[in-house]
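> no sequence on this one, just coordinates:
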């Protein structure tokens, strides 16, 4: 029962760990950014799912309805999504520049070239 | 007008940033940014005066009442940090035009100032806002612009450093976001002041514990606390000199502010320090940070790398002061925040001047610079002495207070270790002196002249501040003490 009732948190945690693992384990910069995006998205789902009130509807004033879901986390996440997109865009732009400068987007090769030039 | 100062502090640089794009001409944009930063500085002075005279200022955005609307709450701690950020930013900007002319291609100049102002307004926003989600958004504004600023560095390693910083910084910010979500879930509020009143009721729950853990780890990533510091050295070393001087003096200080704000004001002293072993944890990490980073600094060949590692060590001192959880300890931390901002901005600006003349900051290139660039090198000497903590410099004042706090707690061993760590500082600072003063100039750097006056003025303003606040400690000590007393709830 406990497990089923909290299923949204399980999804969040599993997604978060998948994202985190990709960031740490993969050497490819694009894969790192994908992992980072999954990591951030899991947090968005966390916010949005906690806003749901059982039996509540969308927060629009209609006669006969007196229970609403909480709209505030949605608004917050709208902002956080914008921040996330900005981060992804900047990360990708950096990856492009790194590809131009190093000729590779693999972490190991970049490290190797850095060590040679030192 | 005076009533709107808290919001003007943030909004002026935020609005000015896109305006730079209209001005376009590099020198005009520089003047404009300098004026904007100067205005922010004046606002922060006036805010500090108001607060010291009449207490906390509360500003409601759009006139909405506090828990519903966003509130800017400026108390002594905020005003103190605001003053540090805006002062350093203004002085550093004085040298910006000369430095970036040499280091950046012409078409990037305007964009540089846009990013600089965005980063500045982000940091000022973090410090002034009284709403946790607002803090997160401003944190991302300042961090995103900082990543881009670092990536402007000439060396291709700047790109890689910026990318690593982006990954680490985003993970940190997302951790903070998770913590904010958990806190909101338990209390239904995002207002810092409201949170501090509602959190104690639910303080025993595991949700609040995990919220605390997420927020603290997130902040420590931004702070570059010892095991989470890996992004810092390269980011500082390969960024343009002006960016290093600005970020080294401000970015980590803002994170320290957040750490203090969350542990003391939001979660409360008893929760942060008695239910969790935060005291011992921070003390050990702080000390490890001091020793590991100082030792690493000794072996660096690039002087910017050297001072970047020394920054990590200095953060260690602040964290040790913080871990004592006494009024004196926190005063020492705040003083060191102020003093370290003065030292590091002076040192990195002086390195910027060396970069301007020689085009490199490798230690081997420093040979004979003591005679060729006497004023710049004298500035590095005084900054270095301040790092060591020689009397009559600011470094002495904060170390003195730190030692007092440690002795007060009876932590003699820690006090001895702190004194020993100063020896390590002497070693890495001495390496620079030795090369610069006791070795003949290299053939290739023979015709090098003193740095231009536009560099020397800001460098020496900061150096004089290093000495002035080392002798006349009234302003810094008084404000730092008042701020930490108010955090502990002791009547000043």
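The structure has been received and is ready for your questions. Everything numeric here is computed off the predicted structure, so don't read it as measured data.
> do you know how far the residue of chain A found nearest chain B is from residue B:146?
Proximity of chain A to chain B (C-beta to the nearest C-beta) peaks at residue A:101, 3.8 Å away. All C-beta atoms are positioned from the backbone trio N, CA, C, and that covers glycine. Per C-beta to C-beta, to the nearest Å, residue A:101 is found 20 Å from residue B:146.
> Looking at the two, which has the bigger crowd around it?
More neighbours surround residue B:146 than the other of residue A:101 and residue B:146, with 27 against 16 (other C-beta atoms under 10 Å in any protein chain shown).
> Could you look up the SS state of that one?
Three-state assignment for residue B:146 (DSSP: H, G, I helix; E, B strand; the rest coil): helix.
> Does it touch residue B:250 like I think?
No - Residue B:146 lies out of contact with residue B:250 (C-beta atoms under 8 Å); the separation is 9.7 Å.
> residues contacting the residue minimising distance to the centre of chain A?
What sits nearest the mean C-alpha location of chain A, by C-alpha atoms, centre = their mean, is residue A:40, with 1.8 Å. Residue A:40 is in contact with A:19, A:80, A:84, A:87, B:170, B:174, counting by C-beta atoms under 8 Å, 6 or more residues apart in numbering or on different chains.
> Name the residues of the helix or strand hosting it that are buried.
Assigned by DSSP states H and E, residue A:40 belongs to helix A:29-50. Buried residues in helix A:29-50, defined by neighbour count with 16 or more other C-beta atoms under 10 Å in any protein chain shown: A:29, A:31-48, A:50.
> do stretch B:294-312 as well
Of the residues in stretch B:294-312, B:294, B:296-298, B:300, B:302-312 count as buried by neighbour count, 16+ other C-beta under 10 Å.
> Might you calculate how far it sits from the centre of the chain?
17 Å (C-alpha atoms, centre = their mean, to the nearest Å).
> Kindly report the same for stretch A:103-118.
Taking C-alpha atoms, centre = their mean, the mean C-alpha location of stretch A:103-118 is offset from the chain mean by 28 Å.
> same question, stretch B:466-477
The answer for stretch B:466-477 is 18 Å, by C-alpha atoms, centre = their mean.
> Name the residues that touch that stretch?
Identification of contacts with stretch B:466-477 by C-beta under 8 Å, 6+ apart yields B:331, B:335, B:338-339, B:342-343, B:346, B:382-383, B:386, B:391-397, B:401.
> In chain B, where is pLDDT below threshold?
B:1, B:445, B:490-492 (pLDDT under 70).
> Those residues of chain A touching chain B, which are they?
Counting by C-beta under 8 Å from any C-beta of the partner chain, the residues of chain A close to chain B are A:20, A:23, A:29, A:32, A:36, A:39-40, A:43, A:46-47, A:50, A:73, A:76, A:79-80, A:83, A:86-87, A:90-91, A:94-95, A:97-98, A:101-102, A:110, A:114.
> picking that back up, check the residue nearest to the centre of chain A and give its pLDDT.
pLDDT for residue A:40: 94.
> Against which helices or strands is the lengthiest helix in chain A packed?
Ranked by residue count, the top helix of chain A under DSSP state H comes out as helix A:72-102. Under the contact criterion of 3 or more C-beta pairs under 8 Å, 6 or more residues apart in numbering or on different chains; DSSP states H and E, the helices and strands touching helix A:72-102 comprise helix A:29-50, helix A:107-117, helix B:132-151, helix B:157-187.
> And it, how far out from the chain middle?
On C-alpha atoms, centre = their mean, the centre of helix A:72-102 falls 10 Å from that of its chain.
> cool, and stretch B:422-429?
So, by C-alpha atoms, centre = their mean, the centroid of stretch B:422-429 is 22 Å from its chain's centroid.
> show me where the stretch 301-450 of chain B has helices.
All helices of the stretch 301-450 of chain B, identified by DSSP state H, counting those that start in this stretch, fall at B:303-323, B:327-358, B:369-372, B:374-388, B:394-408, B:412-438.
> any idea how far the spatially most distant residue from the centre of chain B lies from residue B:478?
Within chain B, residue B:443 marks the point farthest from the mean C-alpha position, 37.9 Å out by C-alpha atoms, centre = their mean. Using C-beta to C-beta, residue B:443 is found at 52 Å from residue B:478.
> Pull the number of nearby residues for whatever residue of the stretch 351-492 of chain B ends up closest to chain A.
When scored by C-beta to the nearest C-beta, the stretch 351-492 of chain B has residue B:362 as its residue closest to chain A, at 10.9 Å. Here the number of neighbours of residue B:362 (other C-beta under 10 Å) works out to 13.
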